[in-house]
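1. show me the folded form of this:
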Amino acid sequence: MFQEAPPLWQNGPAPGSFYNFPNTTFNNLANSSDAIKHSQSPVTTATSIVALVYDKGVIIAGDLLGSYGSLARYRNCPRVMQINSNIILGAGGDYGDFQYVKALIDQKIINEECLDDGVKLKPKSLYCWLTRILYNRRSKFDPFWNNFVVGGIQDGTPFLGTVDKLGTAYEDKIICTGYGAHIVTPMLRAAMDKNPNIKKDEAKALMHKALEILFYRDARSYPKYQVATIDEIEGVQIDGPIDVAQNWQLANLIH
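-> Take a look at the predicted model:
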């Protein structure tokens, strides 16, 4: 008959259990309904965001799939959006966390509009604010499981920066998150080296090629995507859903 292992020491915990510290609320923590629990496993996730700076603005693209584990469950999950006339935003990672942070940003925009002081939130300000939000939650061991890409126009100059779930942040002319950071970044860098002052139409064509490559290579991607652009001439534009043309003749081993 099975017998429970004796305590490790007198009045101590049995193997595999917690020690009951006297005069504390830590008692029976493993079985307590008051225990604070944090999810470290994202449930519904989205994949790569691809972004670059063109000659007069910024372009950000991402597909519309929300994956429930490995199941392509939700197929209309937009992840690029307009914040205001200065800023566009893209997000990858846990979709629920993205929706929560989006609600925080929306409230921040409402608060600024209520001030009615003629000052609009700038991309570097949102970028810095996101680093604080994400690092704060990381420090509580309850991170927002996201990568955010912030693009916009500040003082007439295009800006592009990214923040990950640890609060790590950097600015660059080309930013890819998720699987795209490994697959698409070399292609974009090669294209930008050949043409540093890439035009808007060329940037859109490059985004389409990048999303097509990710659809073929990334098991969590989807052949419909959105593209957001921002510049001083045409302002903010969000196009999509745009379809990726599929050609499976390359799969010559599949019959």
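
2. pull the contacting residues for the closest residue to Pro123 other than its chain neighbours.
-> The spatially closest residue to Pro123, leaving aside those adjacent along the chain, is Gly152, at 3.0 Å (CB to CB, 6 or more residues apart in numbering). In short, each C-beta sits where N, CA and C put it, glycine included. The contact partners of Gly152, taken as CB atoms under 8 Å, 6 or more residues apart in numbering, are 58, 83, 86-88, 122-123, 126, 158-159, 230.

3. report the buried residues of the helix or strand encompassing Gly152.
-> Under the criterion of DSSP states H and E, Gly152 resides in strand 146-154. By neighbour count with 16 or more other CB atoms under 10 Å, strand 146-154 contains the buried residues 146-153.

4. looking at it, Asp243 is touching Lys224, isn't it?
-> Yes - applying CB atoms under 8 Å as the test, Asp243 and Lys224 come out as touching, 5.9 Å apart.

5. closest to Ala219 among the contacts of Gly152?
-> For those, the minimum distance to Ala219 (CB to CB) is 27.2 Å, reached by Ile88.

6. A helix includes the closest one, no?
-> No - Ile88 is assigned strand when assessed by DSSP: H, G, I helix; E, B strand; the rest coil, not a helix.

7. let me know how buried it is, in neighbour terms.
-> Ile88: 27 surrounding residues under other CB atoms under 10 Å.

8. and if you look at Trp248?
-> Trp248, neighbours per other CB under 10 Å, totals 8.

9. ditto for the one 5 residues further on
-> The local packing count at Leu253 equals 5, with neighbours defined by other CB under 10 Å.

10. ranges for the strands of the stretch 51-200 of the chain?
-> Using DSSP state E, counting those that start in this stretch, the strands assigned to the stretch 51-200 of the chain run over residues 57-63, 66-68, 71-74, 80-82, 87-94, 146-154, 157-163, 169-171, 174-176.

11. dump those into CSV; add distance to Asp193 and mean pLDDT as well.
-> Supplementary listing: the strands of the stretch 51-200 of the chain in CSV, determined by distance: least, CB to CB, whole Å; pLDDT from 0 to 100:
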stretch, distance to Asp193, mean pLDDT
strand 57-63, 18, 93
strand 66-68, 33, 90
strand 71-74, 35, 88
strand 80-82, 26, 92
strand 87-94, 23, 93
strand 146-154, 21, 93
strand 157-163, 17, 94
strand 169-171, 19, 93
strand 174-176, 10, 94
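
12. highest average neighbour count across those?
-> Of all the strands of the stretch 51-200 of the chain, strand 57-63 carries the top mean neighbour count, a mean of 28, counting by mean count of other CB atoms under 10 Å.
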